[in-house]
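Engineer: This is the structure alone, sequence omitted:
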Ligand SMILES: NC(=O)CC[C@H](N)C(=O)O
């Protein structure tokens, strides 16, 4: 088996064995703590441009199956694991993780100390890294200097948002999804509730969206920094107060920025399937699926019409907001789970109820 190196911008070098594609690759390295759910994570478009470290020590043991994709094309730049399972065993297995990554041209590295790597990420926050073949004559300093000079990418959403609108018809509430890099799980939840869905690209104007007479708008998850998509923030600003809205992850951040709040980058992000979040309305704690680097600044909400509804119990950051006057709410975590717990799945029902209530009001006024 070929050797491969993961070189970090601080000069740390991890040597391990290669799997997946032979390509060299570069990106921000992040870690996620789910014990299962690697197929969903690899295909979640919110990971666009990132090298993903899975902290669970044995990955690939149930292979890749037909059902657990969260996106059509995986957007990660590389995969880092402690140990890759070579012979998956599961009734759903279609192919090995190794073969899947080869077919998608994504390189992987195994056999490194992922605990050490995770500690470095926890300490340094943003860590750019390079995955490359471990040749004897590699000049590490040259690579490190290059990494340090590489600007972080900022066109994430343009890369993963669909190029054109498409329908996913139903007979229930009409929902326009602004797709910043939507996970399939979100569409699955709307379809399950018979919504009449139209998925539109991130640059669709408010006028175009309203021309569809939606009962509600869902702002999807997506990759990157919410401040990199100011036009999308402007679009949402002009939609506030017109139709019920539900934001998820990047959608929550865009909605908050559109309401006048500010965002910041967390020290090392929340990624995994066991993040406890407290709902302030019920006092109950829900375990949530999360994948984000940025968060909304609590203090900045004072100048907005939003109020906090959910708080992360690990670090006290904002996990959800709602509008004080309009039927609008959003959460930083993933109520669709996939992968991870579905404790918060009821938020999709809340969204439907909100839309039905508004539609009823509209009828009374007509
Ligand atoms: N999953 C998401 O939508 C992530 C939102 C944003 N890209 C972040 O990292 O904070």
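Structural biologist: Yes, it's here. Since the structure is predicted, the reported quantities are computational estimates derived from the model, not experimental observations. Numbers count the residues shown, from 1 in each chain.
Engineer: Note down every partner strand of whichever helix or strand residue 131 is part of and its orientation.
Structural biologist: Assigned by DSSP states H and E, residue 131 falls within strand 128-133. Strand 128-133 sits in its sheet next to strand 3-8 (antiparallel), strand 25-32 (antiparallel), going by DSSP bridges.
Engineer: Quick one: residues contacting the nearest residue to residue 183 once chain neighbours are set aside.
Structural biologist: Distances taken as CB to CB, 6 or more residues apart in numbering place residue 70 nearest to residue 183, at 4.3 Å, with adjacent residues excluded. Every residue, glycine included, has its C-beta placed from N, CA and C. Counting by CB atoms under 8 Å, 6 or more residues apart in numbering, residue 70 makes contact with 40-41, 43-45, 183-185, 338.
Engineer: Highest neighbour count among those residues?
Structural biologist: Neighbour counts for the contacts of residue 70 (other CB atoms under 10 Å) peak at residue 44, which has 31 neighbours.
Engineer: if we can go back for a sec, of the contacts of residue 70, list those near the ligand.
Structural biologist: Among the contacts of residue 70, not one lies near the ligand by CB under 6 Å from any ligand atom.
Engineer: Give me the buried positions along the strand holding residue 131.
Structural biologist: Neighbour-count burial for strand 128-133 flags 128-132 (criterion: 16 or more other CB atoms under 10 Å).
Engineer: returning to what we had before: which SS class is the residue nearest to residue 183?
Structural biologist: Of the three states, residue 70 takes coil according to DSSP: H, G, I helix; E, B strand; the rest coil.
Engineer: Could you dump the strands paired with strand 128-133 into a markdown table with distance to the ligand and mean pLDDT added?
Structural biologist: Shown next, in a markdown table, are these (distance: least, CB to the nearest ligand atom, whole Å; pLDDT from 0 to 100):
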| stretch | distance to the ligand | mean pLDDT |
| --- | --- | --- |
| strand 3-8 | 20 | 96 |
| strand 25-32 | 9 | 97 |
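Engineer: Quickly list what the closest residue to residue 294 other than its chain neighbours is bridged to.
Structural biologist: Spatial nearest neighbour of residue 294, excluding adjacent residues (CB to CB, 6+ apart): residue 263 at 5.0 Å. Going by DSSP bridges, residue 263 is paired in beta bridges with residue 296.
Engineer: same deal with residue 218?
Structural biologist: Per DSSP bridges, the residues bridged to residue 218 are residue 177, residue 246.
Engineer: Tell me who's in contact with it.
Structural biologist: Counting by CB under 8 Å, 6+ apart, residue 218 has contacts 175-178, 186, 190, 245-248, 251, 351.
Engineer: Redo the strands paired with strand 128-133 as TSV? Include distance to residue 332 and mean neighbour count.
Structural biologist: Shown next, in TSV, are these (distance: least, CB to CB, whole Å; neighbours: other CB atoms under 10 Å):
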stretch	distance to residue 332	mean neighbour count
strand 3-8	27	21
strand 25-32	16	22
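Engineer: and those strands as TSV, adding distance to residue 232?
Structural biologist: Shown next, in TSV, are the strands paired with strand 128-133 (distance: least, CB to CB, whole Å):
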stretch	distance to residue 232
strand 3-8	32
strand 25-32	21
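Engineer: between those, which one is nearest to residue 136?
Structural biologist: strand 3-8 (10.1 Å; CB to CB).
Engineer: Name the residues of the helix or strand just after that closest one that come out as buried.
Structural biologist: Where DSSP H and E defines the elements, the next helix or strand beyond strand 3-8 is strand 13-20. Using 16+ other CB under 10 Å as the test for burial, strand 13-20 gives 14, 16-20.
Engineer: One more: stretch 170-183?
Structural biologist: For stretch 170-183, a neighbour-count test (16+ other CB under 10 Å) marks 170, 172-183 as buried.
Engineer: now do stretch 326-346
Structural biologist: Buried positions in stretch 326-346, judged by neighbour count with 16+ other CB under 10 Å: 326-344.
Engineer: No more questions from me, cheers.
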